[in-house]
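Engineer: Here is a sequence with its predicted model. Questions after.
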Amino acid sequence: MSVRVTTARLRALLPALVTCLVVAGTATGCGSGDDRPRIVVTTNILGDITREIVGGEAEVSVLMKPNADPHSFGLSAVQAAELENADLVIHNGLGLEENVTRHVEAARESGVATFAAGEAADPLTFHADEEGGPGDGAGAPDPHFWTDPDRVRKAAGLITDRVIEHVDGVNEKAVRDNAERYDGQLAALSTWMEKSFAAIPERRRALVTNHHVFGYLADRFGFRVIGAVIPSGTTLASPSSSDLRSLTRAMEKADVRTVFADSSQPTRLADVLRREMGGDVNVVPLYSESLTEKGGGAGTYLEMMRANTSAMAEGLTVA
């Protein structure tokens with residue numbers, strides 16, 4: 001069987017070859033490393049999804065650490081080099097990884113295959129309405145597609161195709177078998193979420209969050225987005241006093257007393273809102289933009305979504 005070596009693989013092997021030449025001169029020899037093809041993924045949510053699909057067929061390197069903020073995390077020089085040495089780069093796109101985009105573009109320009117999962121998952125746009133939209137971000141694409149498991153199913157199918165198309169040396173049957181198994185788990189998740197949310201009374205199916213992150217979930221499962229403490233789709237924005245007053249009025253009008261705050265971010269802003277409304281606000285933490293370490297409550301995408309669904313169903317049912 002012939003083996004095709006891509007330009008990306010040659011780039012990836014060069015550092016190892018140089019190292020071998022150096023250590024050979026010291027008579028220490030050069031041990032065999034992981035010579036599997038390499039996939040680099042920007043966010044840890046997409047990293048988990050990709051690993052489920054790829055299995056052991058390729059090395060999957062995830063740049064974003066657990067509990068990090070995808071809007072603000074950056075790369076070291078070594079991580080930036082990983083992108084340009086990959087066989088395939090998978091990123092969210094739609095402006096999510098604000099400090100990483102230029103590195104992904106540089107890798108693409110150097111010939112590395114890249115795939116923007118969010119851009120391929122029927123993206124929604126932020127919109128402003130009378131109950132509190134995302135401020136100046138209205139009309140921009142919403143990058144948080146993973147809050148809808150059905151869109152994740154679509155993205156996972158496309159990731160599978162890209163892996164088979166661009167990553168030489170993987171076993172296509174093994175990858176497709178992994179993808180089929182995982183698709184079944186995602187379908188079961190979607191069904192379970194729908195049943196869990198069905199218990200929430202219609203008048204309580206309203207969301208207020210730290211920033212606008214659950215638009216896809218609201219669209220899929222029939223929630224109203226009342227507003228956000230930070231009137232933006234990014235955590236890098238800051239609320240003004242008038243933003244907080246507008247949100248307070250919207251919450252009072254909708255009789256909403258529950259705010260969902262990202263567990264990886266301080267709840268300071270939600271606490272400010274609680275004070276604005278006289279203390280009668282229930283702040284519920286969610287895992288919205290990052291996985292945790294294993295055993296931390298949201299070590300996988302499936303675990304994260306189940307934890308969030310349970311917290312939202314309980315928070316809105318008893319609110």
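Structural biologist: Arrived safely, thanks for sending.
Engineer: Run through the stretch 201-319 of the chain and note the low-pLDDT ranges.
Structural biologist: Flagging of the stretch 201-319 of the chain using pLDDT under 70 yields the residue ranges 231-240, 264-270, 279, 319.
Engineer: Could you count how many residues lie near residue 165?
Structural biologist: Close neighbours of residue 165, defined as other Cβ atoms under 10 Å, add up to 12. No exception for glycine: its C-beta is placed from N, CA and C like everyone else's.
Engineer: Make sure it is indeed in a helix.
Structural biologist: Yes: assigned with DSSP: H, G, I helix; E, B strand; the rest coil, residue 165 falls within a helix.
Engineer: Tell me how far it lies from residue 98.
Structural biologist: Residue 165 sits 28 Å away from residue 98, going by Cβ to Cβ, to the nearest Å.
Engineer: With residue 77 instead?
Structural biologist: Distance from residue 77 to residue 98, by Cβ to Cβ: 19 Å.
Engineer: Which residue ranges of the stretch 201-319 of the chain form helices?
Structural biologist: Assigned by DSSP state H, counting those that start in this stretch, the helices in the stretch 201-319 of the chain fall at 215-221, 241-254, 268-276, 301-317.
Engineer: And the strands in the stretch 51-200 of the chain, which stretches?
Structural biologist: 59-62, 88-91, 113-116 (DSSP state E, counting those that start in this stretch).
Engineer: Please identify the deepest-packed of the ones you listed.
Structural biologist: Stretch with highest mean neighbour count among these: strand 88-91 (a mean of 27; mean count of other Cβ atoms under 10 Å).
Engineer: Just checking: what are the partner strands of that one?
Structural biologist: Applying DSSP bridges, strand 88-91 is found paired with strand 38-41 (parallel), strand 113-116 (parallel).
Engineer: Tell me who's in contact with residue 175.
Structural biologist: 53, 54, 55, 57, 160, 163, 164 (Cβ atoms under 8 Å, 6 or more residues apart in numbering).
Engineer: ok, 10 Å please
Structural biologist: Going by Cβ atoms under 10 Å, 6 or more residues apart in numbering, residue 175 touches 53, 54, 55, 57, 58, 159, 160, 161, 163, 164, 167.
Engineer: what's the distance between it and residue 277?
Structural biologist: 51 Å.
Engineer: who wins for neighbours among the contacts of residue 175?
Structural biologist: Result: residue 163 is most packed of the contacts of residue 175 (other Cβ under 10 Å), 28 neighbours.
Engineer: So which bits of stretch 194-203 are buried?
Structural biologist: 196, 197, 200 (16 or more other Cβ atoms under 10 Å).
Engineer: May I have stretch 184-202 exported as CSV, CA atoms only?
Structural biologist: C-alpha atoms of stretch 184-202 as CSV (Å, rounded to 0.1, in the frame of the first residue of the first chain):
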residue,chain,number,x,y,z
GLY,A,184,-26.4,8.5,18.2
GLN,A,185,-25.2,10.0,21.5
LEU,A,186,-25.9,13.5,20.2
ALA,A,187,-29.4,12.5,19.0
ALA,A,188,-30.1,11.0,22.4
LEU,A,189,-28.9,14.2,24.1
SER,A,190,-31.2,16.3,21.9
THR,A,191,-34.2,14.2,22.8
TRP,A,192,-33.4,14.2,26.5
MET,A,193,-33.0,18.0,26.5
GLU,A,194,-36.4,18.4,24.8
LYS,A,195,-38.1,16.2,27.4
SER,A,196,-36.3,18.0,30.3
PHE,A,197,-37.3,21.5,29.1
ALA,A,198,-40.9,20.4,28.5
ALA,A,199,-41.4,20.5,32.3
ILE,A,200,-40.7,24.3,32.4
PRO,A,201,-44.0,26.4,32.3
GLU,A,202,-44.3,28.5,29.2
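Engineer: Give me the residues contacting that stretch.
Structural biologist: Here stretch 184-202 has contacts from 49, 52, 148-157, 205-206, 217, 220-224, 300-302, 305-306, 308-310, 312-317, 319, using Cβ under 10 Å, 6+ apart.
Engineer: mean confidence for the lengthiest helix in the chain?
Structural biologist: The residue-count maximum for a helix in the chain (DSSP state H) belongs to helix 172-197. Mean pLDDT, computed over helix 172-197, is 98.
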